[in-house]
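Visitor: need the 3D shape of this:
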Amino acid sequence: MSLALAMHAPPAPAPLARRIGELARGASLQVSPRDDPLREELDRLLGPGALVFVNFPASVTHHDVVAACVRLRRAAFTPVPHVAARRLASFTQARDFLRRAAGEAGVNSILLVAGDATQPAGPFRDSGDLLSTGLIEDNGIAQVFFAGYPEGHPLVARDRLAASLRDKLAQARRRGLAGAVVTQFGFEAAPIADWIERLRDDGISCPVRIGLAGPASIATLAKYAVRCGIGASLRALGRGQTAFARILTEATPDRLLADLVGREGRAGIIDGLHLFAFGGARRTALWLREHAAHGHAFPPRP
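Guide: The predicted model follows:
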């Protein structure tokens, strides 16, 4: 007997469903450089122009990321490459990455991160170092996303994270770049909502895309959660399940999303959603299309 629905939220009331549908239609998706948008049928599952972020893991080069962005652009998506500063060996390599991404894939936005490497491969200790070179705007990039960590970072203190984000957003403004934030994924609404409220109280008003883990097995999500230091809400994954059920159950972000929407209020806390495709790009895109149908479904491709 399948346990695939065990973590789904109950059917949402009509206003809540409409809001979820609206958010699903505007959501971005994060994929691996190895994902093929045509093989995964993303062109038939997501709307034309949808933002698709391309990860930059240690196992690939910037050439692989550019190639993935080119494939996404040809499939009528809007590619957003991760630019991991510590993985770039030189100023020349960084310039080549940004120049090719903009010129070959029409990239207009990037997600600028430090990267997980303990030691930088080149001159960039963190994302701020790369931002300060002027290479981003010089190569026609208009928007920069930065990472946000509602549950903190395993290697960086919270106050330092907050100060760094303020500084990078201010520097981006000075350089004529539009700044935005994409958060790390989590499994409970309260830490995310509280973090955004602190952000707004601190005078940071840029758009924030809330990171959600797409449908995947609990075992898979737990693996990524441990790797990314998402400890505070990890217990929410298997709440109410036996140890055996936790291995088999597929978890979806339905309940988390409903809780977040329920906390919006008049001011709102959700500017957009960002889906991490840990269970596969196609499975996550199917989830988005299903939830988009609460309002208006994506138009089918010819």
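Visitor: please make it C-alpha for all contacts and neighbour counts, starting now.
Guide: Noted.
Visitor: what average pLDDT does the longest helix anywhere in the chain get?
Guide: Selection of the longest helix in the chain by residue count, based on DSSP state H, yields helix 158-174. Computed over helix 158-174, the mean pLDDT rounds to 92.
Visitor: and residue 174, what does it touch?
Guide: Residues near residue 174 by C-alpha atoms under 8 Å, 6 or more residues apart in numbering: none.
Visitor: ok, now the one 3 residues further on?
Guide: For residue 177, the contact set (C-alpha under 8 Å, 6+ apart) comprises 137, 141-144.
Visitor: sorry, back to before: would you indicate which residues of the longest helix of the chain are buried?
Guide: Within helix 158-174, the residues scored as buried using 16 or more other C-alpha atoms under 10 Å are 161-162, 165-166, 168-169, 171-172.
Visitor: that older thread, among the contacts of residue 177, name the ones in strands.
Guide: Taking DSSP state E, the ones among the contacts of residue 177 that sit in strands are 143-144.
Visitor: dump the contacts of residue 177 to a markdown table, plus neighbour count.
Guide: Formatted as a markdown table, the contacts of residue 177 follow (neighbours: other C-alpha atoms under 10 Å):
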| residue | neighbour count |
| --- | --- |
| 137 | 18 |
| 141 | 20 |
| 142 | 18 |
| 143 | 21 |
| 144 | 22 |
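Visitor: ok, the contacts of residue 177 vs residue 115, which is closest?
Guide: Distance to residue 115 across these (C-alpha to C-alpha) is lowest for residue 144, with 15.3 Å.
Visitor: quick one, what contacts the closest one?
Guide: 109-112, 172, 177-180.
Visitor: next: residue 100.
Guide: residue 66.
Visitor: lowest-confidence helix or strand of the protein?
Guide: Within the chain, confidence by mean pLDDT, DSSP states H and E is lowest for helix 243-248 among all helices and strands, at a mean of 45.
Visitor: point out where this protein drops to low pLDDT.
Guide: Applying pLDDT under 70 to the chain flags residues 1-13, 228-249, 265-268, 294-302.
Visitor: all strands for it, in order.
Guide: Counting by DSSP E, the chain has strands at residues 28-31, 51-54, 78-84, 109-113, 143-148, 178-183, 208-213, 216-217, 250-251, 272-276.
Visitor: note down every partner strand of the longest one and its orientation.
Guide: As defined by DSSP bridges, the strand partners of strand 78-84 come to strand 51-54 (parallel), strand 109-113 (parallel).
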